[in-house]
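Novice: sequence plus predicted model, see below.
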Amino acid sequence: MGNKAGKKGKVSTELTAREIAMLKANTKYSEKEICEWHAGFLRDCPTGKLDKKKFVEVYKQFYPNGKADSFCKYAFATFDANNDGTIDFDEFLLAIAATSQGDLNDRLELAFDMYDISGDGQIDQKELTALISAMYDLVGETNRKGDNEPKKRAAEIIAKLDVGGDKKLNKQEFIAGCKNDPVVRRLLAPNA
């Protein structure tokens with residue numbers, strides 16, 4: 001039978017029994033809930049694919065007073081697991097589940113992966129500064145002076161959480177630091 005869809009992969013306009021089984025195994029959603037999420041996803045994305053532009057539009061609905069563009073760039077790259085420039089339904093629901101249903105470690109791991117822009121397994125001050133600025137944009141935070149200055153805030157967080165002394169955070173340092181410091185956790189992983 002062969003898949004003729006090419007590099008883009010299959011378009012998820014139909015939910016297969018195999019997909020439902022995979023999503024049930026990897027989320028806490030029932031088959032009925034998965035089908036409801038799928039119907040809503042197709043209402044918003046009739047092609048079965050969510051592109052960056054639509055992703056930003058969706059985020060803007062949740063953060064009407066902020067600028068979602070820069071934050072969405074990082075979030076989209078994290079959720080687009082196969083790097084094809086779109087988010088299909090499976091990627092979408094797994095991301096929703098990870099950010100809303102996962103245990104604290106799962107959610108903090110996802111936050112770390114989003115912040116590790118270079119993909120080197122470390123978060124440096126430049127990456128953290130960029131993400132803090134993007135989060136400020138997202139929530140409409142305009143006070144960026146003094147303790148709220150993104151570069152200063154990033155340096156303070158890294159100094160506080162960096163156990164290894166290399167001025168970077170690895171995944172273990174990030175997770176442990178967020179777990180042990182509620183203020184840092186609220187800033188870096190507000191849903192965790």
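Specialist: Great, that's in hand.
Novice: any regions of the protein where pLDDT drops low?
Specialist: The chain contains residues with pLDDT under 70 at 1-12, 191-192.
Novice: can you give me the helices in it?
Specialist: In the chain, the helices defined using DSSP state H lie at 17-26, 31-44, 52-62, 69-79, 89-100, 104-115, 125-139, 150-161, 171-180, 182-188.
Novice: can I get those in CSV including mean neighbour count?
Specialist: Quick note: C-beta positions are derived from backbone N, CA and C, even for glycine. CSV is the format used below for the helices of the chain (neighbours: other C-beta atoms under 10 Å):
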stretch, mean neighbour count
helix 17-26, 13
helix 31-44, 14
helix 52-62, 14
helix 69-79, 19
helix 89-100, 18
helix 104-115, 19
helix 125-139, 19
helix 150-161, 17
helix 171-180, 18
helix 182-188, 15
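Novice: mind listing what Arg81 touches?
Specialist: Small correction: residue 81 is Ala, not Arg. The contact partners of Ala81, taken as C-beta atoms under 8 Å, 6 or more residues apart in numbering, are Glu91, Leu94.
Novice: could you pull up phi and psi at it?
Specialist: Phi and psi for Ala81, reported as degrees, to the nearest 10, are phi -60, psi -40.
Novice: quick check, central residue of this structure?
Specialist: In the chain, the centroid-proximal residue (C-alpha atoms, centre = their mean) is Ala75; its distance is 4.0 Å.
Novice: Ala111 is in contact with that one, correct?
Specialist: No - between Ala75 and Ala111 there is no contact, the gap being 10.2 Å when judged by C-beta atoms under 8 Å.
Novice: shared neighbours of these two, which are they?
Specialist: Common neighbours of Ala75 and Ala111 (criterion: C-beta under 8 Å, 6+ apart): none identified.
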